[in-house]
Structure formats: structure tokens, C-alpha cells
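Asker: Compute the structure for the input listed below.
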Amino acid sequence: MTRAAKITYACFLLLGLFAGGYFGFRDWAGFLPGYEETAEWSASETLVDFGRAQFRYARPDAAASSLQLCATLIEKIQRQDPKTSVQDGLAETYIRLAILADRKGDNDASRAYLTKARQQRGAALLHQPASDSELKDRVNIIDRLDQSAAR
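Answerer: Predicted coordinates for the structure are as follows:
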């Protein structure tokens, strides 16, 4: 292949890439607002999954600090865009913190975390009135289902 043919092919390759990139972006640009909403949702779900893993496998003190960090970050996501549906994850996180506080024997902290969990209006865990132990049982059931699905 001659040098002129190589240069011609390279030019047409670059032209094709630029044209495809331009028209491809123009066709998909309408999906970008949906992507932003999905990114916020997936970030909070990732935090909840991380907190669940820490709750299940980490030492209690490390799990508590990780869950507290997750709750703080999810709250920041919620403050940034109040329309996001992160209440479920935040309620789960606070209930897990309450379970850890119970294991340490700190009933005041447990009640405080359960109060914060109940403040998450719209959370699926809270659609039906439940006692403190029922809320903790619901989270334990979720954890068992996740654990059996992972197998």
C-alpha cells in the first residue's frame, strides 16, 4: 500500500469518527437528563449496598462508622435534589445503625436512629406502621434475601 493510500484511509477514518461522534451525540443527547437522575439514584444504591456489606462482614465499630458515613452522604444527595427517592436506602441505613447500637447496649442511640429512619417519608419499609423490633426484623429479612440471592 502506498503512502498516499495510507494517508487517504487515515483521513477518511478520522472524518468517519468525527461525523459518527457528532451525529451519535446528537441522537443520544436527549437521554442525558435521565442519565443525571440515574447517576444520583445509583450513587445512593451503591452506598446502601456498601453499608449492607459493612454491616454484614465488618467489625461492629467499623460497620457503624461506615454506615454513618453512608447515611451522611445519602442525606447530602437528598438535600441536593429533594425529588430523588433515596428514602428507602436512608431508612435501611438508620435501622442498621439502630441494630448495631442495640448490640452495643446503647438503647438511646438505637431509638434516635429509629426516629431518623421513621422521618424518611415514602420509604417502602415504613408504609405500614411497625414497632422498633418489626422494623429491625424487616431489615434482617432483606439482608437474608440478599444473601441467599447472592449464592
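
Asker: can you pull the contacts of Cys70?
Answerer: Cys70 makes contact with Leu47, Val48, Phe50, Gly51, Thr93, according to C-beta atoms under 8 Å, 6 or more residues apart in numbering. For every residue, glycine as well, the C-beta is placed using N, CA and C.

Asker: center of the protein - which residue?
Answerer: Glu45 (1.6 Å; C-alpha atoms, centre = their mean).

Asker: avg pLDDT for the helix or strand hosting that one?
Answerer: Counting by DSSP states H and E, the element that carries Glu45 is helix 32-57. The average pLDDT within helix 32-57 is 74.

Asker: same deal with stretch 95-114?
Answerer: Stretch 95-114 comes out at a mean pLDDT of 92.

Asker: can I assume Ile99 is in contact with Asp137?
Answerer: No: look at Ile99 against Asp137 with C-beta atoms under 8 Å: they stay out of range, at 10.1 Å.

Asker: okay, those two: which has more neighbours?
Answerer: Ile99 (21 against 13; other C-beta atoms under 10 Å).

Asker: contacting residues for the more buried one?
Answerer: Ile99 neighbours (C-beta under 8 Å, 6+ apart): Phe55, Ser110, Lys136, Val139, Asn140.

Asker: can you redo these as JSON lines with neighbour count and secondary structure?
Answerer: Formatted as JSON lines, these follow (neighbours: other C-beta atoms under 10 Å; DSSP: H, G, I helix; E, B strand; the rest coil):
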{"residue": "Phe55", "neighbour count": "22", "secondary structure": "helix"}
{"residue": "Ser110", "neighbour count": "21", "secondary structure": "helix"}
{"residue": "Lys136", "neighbour count": "19", "secondary structure": "helix"}
{"residue": "Val139", "neighbour count": "21", "secondary structure": "helix"}
{"residue": "Asn140", "neighbour count": "13", "secondary structure": "helix"}
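
Asker: Cool, thanks, signing off.
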